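Novice: Need coordinates for the following:
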Amino acid sequence: MTQSVAIHIHRHGDAEVLSDTTVEVPPPAAGELQIRQSAIGLNFADIYQRRGSHGPHAATPFPITLGAQGAGVVEAIGAGVTGFARGQAVAYVHAGAYQVTRNLPAHRVVPLPDTVSQELAGATLLRGLTAEYLLRRLHVVRPGQTVLVHAAAGGMGVILSQWARALGATVIGTVGSPEKARVALSHGCHHAIDYRREDFAARTLALTGGAGVDVVYDAVGKDVFLPSLQCTRPRGIVISYGTASGDVEAFDLQLLHAKSLSVCRPTLRSFIADPQELRDAARAFFGALTEGQVRLEVGHRYALAEVRRAHRELEGRATTGATVLIP
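Specialist: Residues are numbered from 1 along each chain as shown. Predicted coordinates:
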């Protein structure tokens, strides 16, 4: 057995429900890898789960270990696992990330190329895989299209904006401050709209000559959903992949009728359930990083012991870019 620090919650609530403990980690079972983590990604989905407002989609008994992505090195290999070696740098997307040493199903782990650091992979893999399916599979972004990215200065926004631009799209981003507008413009956006100062739907229509955008990538939800429909072109699609401002509740489907709009509420889980799809998606994301199509940096680092502060600052929109917990 190996002892490891883990962060648990025993009930849903604010950041104060996060508590540290020591757990026993057994040797990896057949089909598993044991990983000593060097970086644990922090995502808004962790806050949703902590609050109890979103996911997981099946009931999980307490205590719950939050987090869904990380990176580190392989420490031990279970029976039947091939393609990995002790000391190898790897990353993964799998529930229960807030733990220093952990066992994982080998088919949820991907090798890291030498060109991508453990810290960057740990901080960005989940978002990178999300961007991959949003841009390359759910809606295939093509040269000449125009896309609208909400929360364009956030961890997801900077990936979507850069990658969409590399794919040949014109990128419009919404942000909440002049500082974040500068971040968005330096990370792929052709135009940045401060939604606190102007009507983003009207401005988007003006920027597109009244035509609207081909696709909206919406991680905000309730506050921007209906206006997003107004600035989407006929036969366009609004993809609601996050709800930072609250759930999009019932709306009149007739709002889609006049322009034959589509609305989608996808989840990454469906696009990487197959191990080969996971590997292919990771390879595409790492390739975008290596080729410079997407430039990322870790914007905020917190020691794992500072997880409560990290949650409060992410929840308060006080962070920019990717955030990582360092064990």
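
Novice: Lowest average confidence across helices and strands of the protein, where is it?
Specialist: helix 44-51 (a mean of 90; mean pLDDT, DSSP states H and E).

Novice: Just give me how far that one sits from the chain centre.
Specialist: Chain-centre distance of helix 44-51: 12 Å, with C-alpha atoms, centre = their mean, to the nearest Å.

Novice: Mind giving me the packing neighbours of it?
Specialist: helix 307-315 (3 or more C-beta pairs under 8 Å, 6 or more residues apart in numbering; DSSP states H and E). For every residue, glycine as well, the C-beta is placed using N, CA and C.

Novice: Just the CA trace of the helix it packs on, in CSV.
Specialist: What follows is helix 307-315, C-alpha atoms only, in CSV (Å, rounded to 0.1, in the frame of the first residue of the first chain):
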residue,chain,number,x,y,z
VAL,A,307,-7.6,24.1,-3.1
ARG,A,308,-10.3,26.1,-1.2
ARG,A,309,-8.7,29.4,-2.3
ALA,A,310,-8.4,28.1,-5.9
HIS,A,311,-12.1,27.2,-6.0
ARG,A,312,-13.1,30.6,-4.6
GLU,A,313,-11.0,32.5,-7.1
LEU,A,314,-12.1,30.4,-10.1
GLU,A,315,-15.8,30.8,-9.0
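
Novice: any idea of the angle it forms with helix 44-51?
Specialist: Angle, helix 307-315 to helix 44-51, by axes from the mean of the first three to the mean of the last three C-alpha atoms, to 10 degrees: 120 degrees.

Novice: Can you give me the pLDDT of residue 220?
Specialist: At residue 220, the model reports a pLDDT of 92.

Novice: all strands of the stretch 1-150 of the chain, in order?
Specialist: 2-9, 18-25, 32-42, 64-65, 69-77, 89-93, 101-105, 109-111, 146-149 (DSSP state E, counting those that start in this stretch).

Novice: a markdown table please, covering those strands and showing mean neighbour count.
Specialist: Shown next, in a markdown table, are the strands of the stretch 1-150 of the chain (neighbours: other C-beta atoms under 10 Å):
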| stretch | mean neighbour count |
| --- | --- |
| strand 2-9 | 18 |
| strand 18-25 | 14 |
| strand 32-42 | 24 |
| strand 64-65 | 19 |
| strand 69-77 | 23 |
| strand 89-93 | 24 |
| strand 101-105 | 21 |
| strand 109-111 | 22 |
| strand 146-149 | 27 |
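
Novice: Distance to residue 216 for those strands - can I get that in TSV?
Specialist: Putting those into TSV (distance: least, C-beta to C-beta, whole Å) gives the following:
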stretch	distance to residue 216
strand 2-9	33
strand 18-25	33
strand 32-42	25
strand 64-65	32
strand 69-77	25
strand 89-93	25
strand 101-105	34
strand 109-111	29
strand 146-149	5
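
Novice: Of the ones you listed, which is nearest residue 311?
Specialist: The minimum distance between residue 311 and these falls on strand 18-25, with 6.6 Å, by C-beta to C-beta.

Novice: ok, residue 317 - contacts?
Specialist: residue 176 (C-beta atoms under 8 Å, 6 or more residues apart in numbering).

Novice: give me that answer again for 10 Å
Specialist: 44, 151, 153-154, 176-177, 180, 244 (C-beta atoms under 10 Å, 6 or more residues apart in numbering).

Novice: any idea how far residue 181 is from residue 219?
Specialist: 17 Å (C-beta to C-beta, to the nearest Å).

Novice: Please read the previous query as pertaining to residue 36.
Specialist: From residue 36 to residue 181 the distance is 40 Å (C-beta to C-beta).

Novice: For residue 51, grab the count of nearby residues.
Specialist: Residue 51 sits with 15 neighbouring residues when counted by other C-beta atoms under 10 Å.
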